[in-house]
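> Sequence first, then the predicted structure, then my questions.
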Amino acid sequence: MNTRSFLGVTAHFTYNGQLTSAMLGAYEFSTSHTAEHLKDKLKDVCEEWGIALSKITAIVTDNGPNIVKAVDLFLGKIFHLACCAHTLNLIAERSIKSVEGIVELLQNVRTIVTWFPTRWNSTFYMIERFILLRGDVNEIVNNYVSAPAMITSKEIEELRSIAEILRPLEAATAELCGEKYVTASTVIPLINGIQHECSKLSPTHDSAFKLRQAVLSEIEYRFGQVESVHFFAIACLLDPRFKKLHFKNPLACSRAITQIKENMRMIAHKKTENLPEESGANGESKNSVTAEEKPGFSVWNVHHGLVKKVQSQKNDSFLDSDSVTEELNMFLKSPITPFKSDPIRT
């Protein structure tokens with residue numbers, strides 16, 4: 001079977017105060033996917049669309065070593081960001097594969113699902129829908145000799161526990177896939193939320209318990225240093241809904257504040273250039289600022305709890321007034337804004 005390879009490039013930017021995305025192209029690759037060739041294609045795309053390299057804040061890709069190296073060759077390692085939604089998917093996949101018995105159980109479910117003229121491309125949604133429709137599925141498969149064997153009641157309960165462990169990953173992935181609201185500032189709070197929601201679960205099935213431990217270990221391995229990623233740290237600090245709330249590492253927080261101060265000084269020095277800044281229309285945004293929350297569950301529970309906690313404290317204890325410039329200090333000491341507010345317009 002002959003296959004064709006493509007590199008898709010999408011640009012994300014603000015226009016008239018609105019977050020906007022544009023598909024720049026899907027470019028077929030006839031050469032090998034080496035880092036050098038990928039770097040050349042990225043350069044060609046920028047030249048084709050007249051994108052100045054100074055306007056590029058970051059390049060987000062999957063974790064493939066060739067594309068990661070390509071970004072390094074093109075702009076430098078500091079400009080690369082791994083797609084967090086892709087990383088969460090890897091966490092789910094590798095956690096599931098690490099626990100004996102879960103792969104086999106899910107394969108049995110998938111065999112039943114694919115026997116019907118439909119399929120779900122997400123393990124979590126497959127489990128969730130299968131549990132919901134198990135009565136109808138059971139009645140149908142029992143009436144056909146050619147149908148695969150139905151899942152037992154014990155296995156259904158095990159599936160419930162597995163779904164509860166995967167639910168925070170699914171919720172965070174949905175949040176991070178939004179295009180009409182900011183997502184970089186939500187990474188640190190979301191990782192905090194996933195860890196909080198998974199840690200409080202007490203699965204009774206041995207496989208589900210091992211899955212929970214595997215998920216937490218994978219999160220620590222892949223996101224343990226997320227507060228040290230300056231893009232995410234600065235974005236979180238400057239989001240009036242989060243600021244310092246979700247930082248567990250004081251040193252990482254301090255470094256991010258120092259970087260913000262340096263950026264502020266650099267902007268101040270460029271004031272003489274009198275460059276116009278984009279500003280949106282007044283009033284509240286009609287766009288959603290987060291993904292829609294499902295009733296009965298929210299990966300943002302830990303955030304809401306932290307807001308209540310900090311609101312009960314004095315602002316003076318929230319930040320040392322000598323640690324940052326006066327303007328930044330005033331911002332960080334000001335009250336946390338409502339969770340549903342638009343951080344771009346606040």
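Arrived safely. Residues are numbered from 1 along each chain as shown.
> Remind me which helix or strand Lys340 belongs to.
Under the criterion of DSSP states H and E, Lys340 resides outside all helices and strands.
> quick one: Leu53 from Glu327, how far?
Plainly put, Leu53 is 29 Å away from Glu327 if you go by C-beta to C-beta, to the nearest Å. Backbone N, C-alpha and C define where each C-beta goes, glycine included.
> What is the burial count for Ile102?
Neighbour count for Ile102, taken as other C-beta atoms under 10 Å: 22.
> tell me, how many neighbours does Lys97 end up with?
11.
> What strand or helix carries the closest residue to it other than its chain neighbours?
In space, and not counting its chain neighbours, Lys97 is closest to Val103: 6.0 Å by C-beta to C-beta, 6 or more residues apart in numbering. Using DSSP H and E, Val103 falls within helix 102-115.
> Give the buried residues for the helix or strand just after that helix.
Sequence-wise, the next helix or strand downstream of helix 102-115 (DSSP H and E) is helix 123-132. Neighbour counts over helix 123-132 (16 or more other C-beta atoms under 10 Å) mark Thr123, Phe124, Met126, Ile127, Glu128, Phe130, Ile131 as buried.
> Report the separation between Ile165 and Ser146.
Using C-beta to C-beta, Ile165 is found at 33 Å from Ser146.
> Tell me which of these two has more neighbours.
Neighbours per residue (other C-beta under 10 Å) separate Ile165 from Ser146, with Ile165 holding more: 24 against 6.
> wait, doesn't that one sit right on Leu211?
Yes: in this structure Ile165 lies within contact range of Leu211 using C-beta atoms under 8 Å: 5.3 Å.
> So for these two, which residues contact both of them?
Pro203 (C-beta atoms under 8 Å, 6 or more residues apart in numbering).
> what domains does the record give for the protein?
According to automatic domain parsing, the chain comprises the domains 5-82, 85-223.
> right, so those: which one is the most enclosed?
domain 85-223 (a mean of 17; mean count of other C-beta atoms under 10 Å).
> Relative to the whole chain's centre, how far out is that domain?
17 Å (C-alpha atoms, centre = their mean, to the nearest Å).
> and if you look at stretch 66-83?
Remark: stretch 66-83 is offset 18 Å from the chain centroid, using C-alpha atoms, centre = their mean.
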